[in-house]
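In: Have a look at this fold, sequence not included:
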Ligand code: CP
Ligand code: NVA
């Protein structure tokens, strides 16, 4: 079978960082999704595919993870390479070694670095210092690997992306930032509803709208969940208190009380809507059990696709 990684079909992304979807053209974003689907097909057919034989990915985690850690490690193994788990607390970075020195040293051993961290500037500094590709495994600002998997899942279920409407109800966090940028790149429409005081980052919204104008995508931000969810093809939510914001849990429960995605709210979406959630989820908070465990929910296909989407990223850039 001809592969999207073969010379005639490939888009050359070798050596690039994967930090923001904003850094990729619409064609490149779509290419990575199509490549993910191809690699998934190969995997399911039992085909051995080892383009990263002999290569090592370092994975720095400064926050917890189930999906990201396991899918990157398994993905690297399936591509013929090796992955190394590096806890932020155990690295010298935790004792004050600079990010720049860490980046330069790790680049002498590794062929790629994935990092999950708090401040987005940490990954920017790491990428500046590193001479190998750096992958964003989540920061306080964005989670682009998740979004590639999310839109791959939607494409598999709906057969198309362009023109679909996604509604996001909840916190204006890392997930919504990357979902908006992904929608803008893929020609999808997106409506976001958050409580006042929890809006998405203004600069990200501005940048997203600029990108949206190139693909005919429409991005809308408001405070009314019913307005946002009206006629949506995809309904998405995420936790009310992200990692690093646990101390605000109680006040957030009050602020977000009217923003739960439940049976009442989804009546306003299209009758064949899909429900997505990046996970981990809190049933009874941001989403009711009936919705997340109901027939519209595709959360486990979505979680599985983290593996395939990240294999596509690693195969393309490493
Ligand atoms: N969705 C996601 O990134 O999950 P983890 O926090 O478990 O990696
Ligand atoms: N917004 C969540 C996403 C977890 C995958 C967080 O940052 O905790």
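Out: Yes, it's here. Here the structure is a predicted model, which is why all the values come from computation and not from measurement. Ligands and ions are numbered 1, 2, ... in the order given.
In: can we go C-alpha only for contacts and neighbour counts from here?
Out: OK.
In: Any regions of the stretch 1-150 of the chain where pLDDT drops low?
Out: Residue ranges of the stretch 1-150 of the chain with pLDDT under 70: 1.
In: which stretches of it form strands?
Out: Using DSSP state E, counting those that start in this stretch, the strands of the stretch 1-150 of the chain run over 56-61, 82-87, 112-116, 134-136.
In: How much space separates residue 2 from residue 9?
Out: 8 Å (CA to CA, to the nearest Å).
In: follow-up on the earlier one: any chance of the strands of the stretch 1-150 of the chain in TSV, plus mean neighbour count and distance to residue 245?
Out: Shown next, in TSV, are the strands of the stretch 1-150 of the chain (neighbours: other CA atoms under 10 Å; distance: least, CA to CA, whole Å):
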stretch	mean neighbour count	distance to residue 245
strand 56-61	23	17
strand 82-87	18	20
strand 112-116	26	16
strand 134-136	26	20
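In: Could you pull up phi and psi at residue 242?
Out: The phi and psi values for residue 242, taken as degrees, to the nearest 10, are phi -70, psi 170.
In: For it, which residues are in contact?
Out: residue 173 (CA atoms under 8 Å, 6 or more residues apart in numbering).
In: Ligand 1 contacts on the stretch 201-318 of the chain?
Out: By CA under 6 Å from any ligand atom, the part of the stretch 201-318 of the chain that sits against ligand 1 consists of 278-279.
In: What about the residue in the stretch 1-150 of the chain that ligand 2 sits nearest to, how many residues nearby?
Out: For the stretch 1-150 of the chain, the residue closest to ligand 2 is residue 140, as judged by CA to the nearest ligand atom, at 6.2 Å. By other CA atoms under 10 Å, the residues close to residue 140 number 18.
In: do the one 5 residues further on as well
Out: Residues within reach of residue 145, counting by other CA under 10 Å, total 24.
In: Can you name the residues that contact it?
Out: By CA under 8 Å, 6+ apart, residue 145 lies in contact with 136-138, 306, 309-310.
In: Now with 10 Å, please.
Out: The neighbours of residue 145, taking CA atoms under 10 Å, 6 or more residues apart in numbering as the test, are 18-21, 68, 135-138, 178, 305-307, 309-310, 313.
In: Same check on residue 152?
Out: Residue 152 makes contacts with 30, 32-37, 146, 158-161, 301-302, 305-306, 308-309, as judged by CA under 10 Å, 6+ apart.
In: those helices in this structure, which residues are they?
Out: Using DSSP state H, the helices of the chain run over 26-44, 67-78, 99-109, 120-129, 144-158, 174-186, 202-215, 225-229, 249-255, 263-266, 289-292, 299-317.
In: so can I have TSV of those helices showing distance to residue 239?
Out: Converted to TSV, the helices of the chain look like this (distance: least, CA to CA, whole Å):
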stretch	distance to residue 239
helix 26-44	25
helix 67-78	15
helix 99-109	29
helix 120-129	19
helix 144-158	14
helix 174-186	10
helix 202-215	20
helix 225-229	16
helix 249-255	10
helix 263-266	17
helix 289-292	13
helix 299-317	14
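In: Single out the most deeply packed of those helices.
Out: helix 174-186 (a mean of 26; mean count of other CA atoms under 10 Å).
In: Against which helices or strands is it packed?
Out: Packing partners of helix 174-186 (3 or more CA pairs under 10 Å, 6 or more residues apart in numbering; DSSP states H and E): helix 26-44, helix 144-158, strand 165-169, strand 189-193, helix 202-215, strand 219-222, strand 234-237.
In: same thing but 8 Å
Out: helix 26-44, helix 144-158, strand 189-193, helix 202-215 (3 or more CA pairs under 8 Å, 6 or more residues apart in numbering; DSSP states H and E).
In: ok, residues contacting that helix?
Out: 20-22, 25-26, 29-30, 138-144, 147-148, 151, 161-162, 168, 189-190, 192, 200-201, 204-205, 208-209, 211-213, 215, 217-219, 238.
In: 6 Å instead?
Out: 26, 140-144, 147, 208, 211-212, 217 (CA atoms under 6 Å, 6 or more residues apart in numbering).
In: Repeat that for stretch 134-141.
Out: Contacts of stretch 134-141 (CA under 6 Å, 6+ apart): 17-19, 112-120, 127, 174.
In: can you list the residues you listed in a markdown table and add distance to residue 246?
Out: Output for these, formatted as a markdown table (distance: CA to CA, whole Å):
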| residue | distance to residue 246 |
| --- | --- |
| 17 | 30 |
| 18 | 28 |
| 19 | 25 |
| 112 | 31 |
| 113 | 27 |
| 114 | 24 |
| 115 | 21 |
| 116 | 17 |
| 117 | 16 |
| 118 | 13 |
| 119 | 16 |
| 120 | 19 |
| 127 | 28 |
| 174 | 15 |
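In: Between all of these, which two are at the greatest distance?
Out: For the contacts of stretch 134-141, the maximum inter-member distance is 22.7 Å, found between 112 and 174 (CA to CA).
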